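Colleague: quick one, fold the following:
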Amino acid sequence: FNCFVDMVGLTAGAFNDQIFQRIDECRFFVPFFTEGSIERLHVPGDWVFREIDYAIQLKKIIMPVYYHVLPPARHELPEKIQSVLDYPSIIHSRDETEVSCVEMLVEWMQTKQRAE
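Modeller: This is a model prediction of the structure:
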């Protein structure tokens, strides 16, 4: 699978253009939720919110990863992106390794590909 990580894969230039272009190009969209990130979704202009909203609009295949946090209740998310809770997700606990999280993601993507 081709994977883009925004903190690593961006080049010089307009950040927002690159992010949206990468989401346009991707088949799977995997937002990572970490401590504090869910609360920030309510901050106007939050990038994670914008990315999730854009992926939902484009009807991307979404797999949220809750990294050391539990999924929020529906009312804890801005209404516009509450549907992200309707997708299958991975809850990564502190007891698991990062490798196990990646393995689960790869298995999920392979299953999705075989189903098509």
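Colleague: what sits against the residue most central in space within the chain?
Modeller: Nearest to the mean C-alpha position of the chain, by CA atoms, centre = their mean, lies P31 at 1.2 Å. Applying CB atoms under 8 Å, 6 or more residues apart in numbering, one finds that P31 lies in contact with V48, E51, I52, A55, I62, P64, V65, V84. Any C-beta I mention is one placed from the backbone N, CA and C, and that applies to glycine too.
Colleague: OK, contacts around Y66?
Modeller: Residues near Y66 by CB under 8 Å, 6+ apart: F33, S89, I90, I91, H92.
Colleague: shouldn't it be within a helix?
Modeller: No: going by DSSP: H, G, I helix; E, B strand; the rest coil, the assignment for Y66 is strand, not a helix.
Colleague: partners of it in the sheet?
Modeller: F33, I91 (DSSP bridges).
Colleague: ok, it to C26 distance?
Modeller: 20 Å (CB to CB, to the nearest Å).
Colleague: so what touches the longest helix out of those in the chain?
Modeller: When the chain is parsed with DSSP state H, its longest helix is helix 98-115. Outside helix 98-115, the residues that touch it by CB under 8 Å, 6+ apart are F1, F28, V30, I61, M63, V65, Y67, P88, I90, H92.
Colleague: most neighbours of all these, which one?
Modeller: H92 (21 neighbours; other CB atoms under 10 Å).
Colleague: list the contacts of E79.
Modeller: Under the criterion of CB under 8 Å, 6+ apart, E79 has no neighbours.
Colleague: same check, this time on I38
Modeller: I38 makes contacts with V69, P72, E76, L77, as judged by CB under 8 Å, 6+ apart.
Colleague: ok, now with 7 Å
Modeller: Residues near I38 by CB atoms under 7 Å, 6 or more residues apart in numbering: V69, P72, E76.
Colleague: I'd like the residues you listed as JSON lines, with neighbour count and distance to V102 appended.
Modeller: Output for these, formatted as JSON lines (neighbours: other CB atoms under 10 Å; distance: CB to CB, whole Å):
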{"residue": "V69", "neighbour count": "17", "distance to V102": "18"}
{"residue": "P72", "neighbour count": "16", "distance to V102": "23"}
{"residue": "E76", "neighbour count": "13", "distance to V102": "27"}
